[in-house]
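Asks: How does the following fold in three dimensions:
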Amino acid sequence: MRDIKRPCFTQGELESVCKILANTHDGLTGTEIGYYLKSINIKDIDPTNTKWKRLFNALIERQNSDNAGNKVLGFISQALQPAKYVGNLEIYRDKLEKINVILAFHGLEFREDGQFHITNKVKTLSEAEKRASRLKDNLLNRNVHSDLLKFCRAELLQENYFHAVLEATKSIAWKIREKTGLNSDGAKLIDEAFSGKSPLLKINNLRTETDISEQKGFVNLAKGLFGTFRNPTAHTPKIEWNMAEEDALDLFTLASYVLRRIEQCKQGVY
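Replies: Just a heads-up that it's a prediction; the model follows:
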């Protein structure tokens, strides 16, 4: 982003950014605002004002001076670095979702990897909100597992099926690691958790041939989900991965089933 002159944020957009980042309840402290401004060489021109107004005045003066929005993006990047929100994941994702609504007008989104990414540009706020609302409503109608929405909120808001798929499969891996303490991923994680005579996780009592067959079938289903969706989305450029909304909904329904079975699993030796 540093080498490209980014368009300026409108006054309304910048005001919203500052209110999100410096809100009274869970926003930046006054000390943090001063530190982050200094770290990217922005003059703190109004240090005694209300937090969001102090931030707004500093950012808009620098943006007007540069005739570019780069420093605004720089501040967002500083304020939303993932490591600063360890133990506060829900707060972090909420801020990401709100900030990304504004960034959508600039064809950008900020993700949990701490980086900006190019995305589809929207022209109106209602367009951005309708995108999220339609897909979320469809998912709620299907009664999908709540963890999927937690992991995919920002992507659903952008109607970014590519990364929503990736986040959905991540939620499955996260759930398995949470229940088992394992650290692996993908097919290896599935095998370590569900395979063998005394697996860490059992979807049933494993007492009959039918039980054993069901466990094996679930292992193959979970592996297939990772292999079909996660691996291609993780390694294929976005422009080459076309996914319709109907396909995304079907995937979420399948992922929801897998998550619920994992949640209900028996643990240890029975």
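Asks: in the stretch 151-270 of the chain, which spans are strands?
Replies: Here the stretch 151-270 of the chain has its strands, by DSSP state E, counting those that start in this stretch, at 201-202, 266-267.
Asks: Actually, the stretch 1-150 of the chain.
Replies: Here the stretch 1-150 of the chain has its strands, by DSSP E, counting those that start in this stretch, at 108-110, 116-118.
Asks: Could I get the average pLDDT for the first one?
Replies: Just to be clear, that refers to strand 108-110. The average pLDDT within strand 108-110 is 89.
Asks: From the chain's centroid, how far away is that strand?
Replies: Chain-centre distance of strand 108-110: 11 Å, with C-alpha atoms, centre = their mean, to the nearest Å.
Asks: can you check the last one too?
Replies: In terms of C-alpha atoms, centre = their mean, the centre of strand 116-118 is set 13 Å apart from its chain centre.
Asks: Paired strands for that strand, with orientation please.
Replies: strand 108-110 (antiparallel) (DSSP bridges).
Asks: how close does the residue nearest to residue 49 when sequence neighbours are not counted sit to residue 10?
Replies: What sits nearest to residue 49 in space, not counting adjacent residues and going by C-beta to C-beta, 6 or more residues apart in numbering, is residue 57, at 6.8 Å. All C-beta spots, glycine's among them, are computed from the backbone N, C-alpha and C. Going from residue 57 to residue 10 by C-beta to C-beta, to the nearest Å gives 16 Å.
Asks: which one of those two has more residues nearby?
Replies: More neighbours surround residue 57 than the other of residue 57 and residue 10, with 17 against 12 (other C-beta atoms under 10 Å).
Asks: residue ranges with poor pLDDT in this structure?
Replies: For the chain, the stretches flagged by pLDDT under 70 are 1-3, 125, 127-136, 151-163, 229-243, 268-270.
Asks: Surely residue 149 and residue 137 touch.
Replies: No. Using C-beta atoms under 8 Å, residue 149 is not in contact with residue 137, being 11.5 Å away.
Asks: Give me the more crowded residue out of the two.
Replies: Neighbour count, other C-beta under 10 Å: between residue 149 and residue 137, residue 149 has more, with 16 against 10.
Asks: That one and residue 54, how far apart?
Replies: Taken as C-beta to C-beta, the span from residue 149 to residue 54 is 34 Å.
Asks: Could you identify which of the strands of the stretch 151-270 of the chain is most buried?
Replies: The highest mean neighbour count among the strands of the stretch 151-270 of the chain, using mean count of other C-beta atoms under 10 Å, belongs to strand 201-202: a mean of 21.
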